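> next comes the sequence, and after it the predicted model I'd like to discuss.
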Amino acid sequence: MKTSKQLENISRRDLFRVAGVYGMSSTLMAAGAFGGTLTLSELATAAETTYKKRFKKKAKHKLKFGASGFNARNLLIERAGALEFARDLEERTDGEIQIEFIGDNQICGQLSCVKKTQLGIIDIYAASTQNSAGGAPYLNVLDYAYMFPGRASQYHFLYSPESQRILRDPLEKRHGLKFLFSHCELRGIQLGLKHKDKPTITKLEELFGTKNRVTGTQLGRIAMQLLNLNPVPVAWEETLDGLKQGLIDGAETWASAVAYANMSPVVSQSVDLKFFCGTEHTSMSSKVFDKLDDNLQNAVLESSYLAQVHVQAANEAALIKTVGFSDPQLPDTLFVKHNVRPAFLADDQIKMAEEMCSPEYKPDPWNEWRERLNKWAGGIDTYKEIHRIAREIPKDTLPENVEPRRWWKSA
């Protein structure tokens, strides 16, 4: 469980001892807010302060936040913003909304969090949109191959007021979920130890024929089939063992997911294929949201905006300084420690992949799902619309330089 320098001096047992006194949510929020390495004493003091602050008045609404496998440690690796959102919402509402943060797969996992939110077991969840697509198929709308040229275009779309009518409103209407915010990366192929002693991948064709784990996304499977990547459905929780035992050659996911899930020891190459979204998002039950007073609904949106801005900056920094997903790599990063080599393919190789699998060049395999998603969205061409918005900014825009906007307000 020791995955970040911040809590490296604290054992799991000691963490639960502190949580036994002040509650897990207060303990995790305290740890997440602390900038440097924590001692056990410092964690206990911070947890006590956080506890007193959170419970100084009676909450009007107590919301359960199922954060799949996340905790204060790994949220410093993949900066998904879950704790920042919870902490800010409590402060913004002066304790009228209180969040019970339940991570470490204790109440739900990557595949089940969405379903438990829809059933009313939890009120808010954090998981990838791809894993959540099994319970909320409209989330496939983000997964057309090569719809986003880079991470900047992903953030630009999520900030765009047009994301309201294309993504958020149809998701809420069809699946009862209010899409709040998301981390943004693009998926590649994370090769296991079979490729440890092989040259770093430079050509797309070197991946052809490999057998790779795929998430719950239907559209992601289409792309992988067209790229001859042999998609094999494997639960996220079982992926590490699959790579370790050599049952699969690789897994389609993104760099910080490898790092936060402690998969770095069984991954040898992180191939930046960037062929569709890797979006670790947070959504809320629309029924729960609708029951809130107007001022509290606005607070949820403003805290989501703050979390989105935080994620945009923090995850870009963490990719380089914590994960080691760069060339050259910085020392003391997780990828350097575990000998994971990033493989950044040249533009001509990415273009080749795009021409092999994107709806722009190969429309037929996508038509059935495209028509289905378009119907759910009220008749708009979802791929065409998102593709257009993703290209409103220059391709070389740095993700951290994308202008934040409050998407629920008209342009």
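Alright, I've got the coordinates. Numbering: from 1, shown residues only.
> okay, CA-based contacts and neighbour counts for the rest of this
Will do.
> and the most centrally placed residue in the chain, backbone torsions?
By C-alpha atoms, centre = their mean, the chain has its centre lying nearest to E280, at 1.4 Å. When read as degrees, to the nearest 10, the backbone of E280 gives phi -90, psi 90.
> what pLDDT does the residue nearest to G109 when sequence neighbours are not counted get?
With C-alpha to C-alpha, 6 or more residues apart in numbering as the criterion, G109 has its nearest non-adjacent residue at 4.3 Å, and that residue is S68. Per-residue pLDDT puts S68 at 96.
> how about S68, what does it touch?
102-110, 113, 125-127 (C-alpha atoms under 8 Å, 6 or more residues apart in numbering).
> do E100 as well
Applying C-alpha under 8 Å, 6+ apart, we find E100 in contact with S25, K62, L63, K64, F65.
> show me this protein divided up by domain.
Using automatic domain parsing, the domain parsing of the chain gives 5-184+279-320, 186-277+326-401.
> out of those domains, nearest to W407?
Evaluated over the domains of the chain, closeness to W407 peaks at domain 5-184+279-320, with 4.2 Å, by C-alpha to C-alpha.
> how far does that closest one sit from the chain's center?
Centre-to-centre, domain 5-184+279-320 and its host chain are 10 Å apart (C-alpha atoms, centre = their mean, to the nearest Å).
> that older thread, my read: the residue nearest to the centre of the chain touches L180, true?
No - using C-alpha atoms under 8 Å as the test, E280 is too far from L180 to be in contact (11.1 Å).
> returning to what we had before: of all the contacts of S68, which comes closest to K198?
Q110 (31.8 Å).
> which residues touch the closest one?
Shown in contact with Q110 (C-alpha under 8 Å, 6+ apart): S68, G69, A127, S128, N131, S132, W236.
> quick one: buried ones out of the contacts of E100?
S25, L63, K64, F65 (16 or more other C-alpha atoms under 10 Å).
> give me the contact list for the helix or strand hosting the third one.
Spelled out, that is K64. Using DSSP states H and E, K64 falls within strand 61-66. With C-alpha under 8 Å, 6+ apart as the test, strand 61-66 has contacts from 96-103, 105, 107-108, 113, 122-126.
> can you count the residues close to the closest residue to the residue nearest to the centre of the chain other than its chain neighbours?
In this structure, E280 finds its nearest non-sequential neighbour in S128, 4.0 Å apart by C-alpha to C-alpha, 6+ apart. Around S128 there are 26 other residues, counting by other C-alpha atoms under 10 Å.
> again, but for L240
Using other C-alpha under 10 Å, L240 is surrounded by 24 other residues.
> going forward can the numbers begin at 888, since that is how I track them
Happy to do that; since the first residue is 888 now, the last one works out to L1127.
> that one and V1154: what is the separation?
As judged by C-alpha to C-alpha, to the nearest Å, L1127 and V1154 stand 9 Å apart.
> also L1006?
For L1006 relative to V1154 (C-alpha to C-alpha), the value is 36 Å.
> neighbour count winner among the two?
V1154 (29 against 12).
> phi, psi of that one?
phi -110, psi 130.
> and which of the contacts of S955 is nearest to K1271?
A1014 (26.1 Å).
> host element of the closest one?
strand 1011-1015.
> that strand packs against which elements?
Under the contact definition 3 or more C-alpha pairs under 8 Å, 6 or more residues apart in numbering; DSSP states H and E, strand 1011-1015 sits against strand 948-953, helix 1000-1005, strand 1167-1172.
> with distance to V1196 as added columns, please give those in JSON lines.
Shown next, in JSON lines, are these (distance: least, C-alpha to C-alpha, whole Å):
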{"stretch": "strand 948-953", "distance to V1196": "20"}
{"stretch": "helix 1000-1005", "distance to V1196": "24"}
{"stretch": "strand 1167-1172", "distance to V1196": "13"}
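> now, the contacts of strand 948-953 that are in strands?
I984, Q985, I986, E987, F988, I989, I1011, Y1012, A1013 (DSSP state E).
> can you add distance to D1283 and pLDDT and give the residues you listed back as TSV?
TSV is the format used below for the ones in strands among the contacts of strand 948-953 (distance: C-alpha to C-alpha, whole Å; pLDDT from 0 to 100):
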residue	distance to D1283	pLDDT
I984	40	96
Q985	41	95
I986	38	95
E987	40	94
F988	37	94
I989	38	94
I1011	34	98
Y1012	32	98
A1013	29	98
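> quick check: closest non-adjacent residue to G990.
Of all residues not flanking G990 in the chain, A954 sits nearest, at 4.5 Å (C-alpha to C-alpha, 6+ apart).
> count of residues packed around that neighbour?
25.
> ok so, going back, out of the contacts of S955, which end up buried?
For the contacts of S955, buried by 16+ other C-alpha under 10 Å: I989, G990, D991, N992, I994, C995, G996, Q997, C1000, Y1012, A1013, A1014.
> is it true that the residue nearest to G990 touches L998?
No - applying C-alpha under 8 Å, one finds A954 not in contact with L998, separated by 11.5 Å.
> residues shared between the contacts of these two?
Common neighbours of A954 and L998, counting by C-alpha under 8 Å, 6+ apart, are A1014.
> can you check which residues contact both of E1167 and L1067?
Contacts common to E1167 and L1067, judged by C-alpha under 8 Å, 6+ apart, are absent.
> closest one of the contacts of Q997 to R1275?
Closest to R1275, out of all of those and judged by C-alpha to C-alpha, is S1015, at 23.5 Å.
> do you know how far the closest one is from W1141?
Look at S1015 and W1141: by C-alpha to C-alpha, they are 11 Å apart.
> hey, what's in contact with both of the two?
Shared contacts of S1015 and W1141, counting by C-alpha under 8 Å, 6+ apart, come down to G1165.
> nearest to N1288, of the contacts of Q997?
Comparing these against N1288 with C-alpha to C-alpha places S1015 closest, at 23.6 Å.
> what's the burial count for R900?
Neighbours of R900 (other C-alpha under 10 Å): 9.
> could I get the contacting residues of N992?
G953, A954, S955, G956, F957.
> likewise for G1037?
Applying C-alpha under 8 Å, 6+ apart, the residues near G1037 are E1072, L1073, K1161, K1282.
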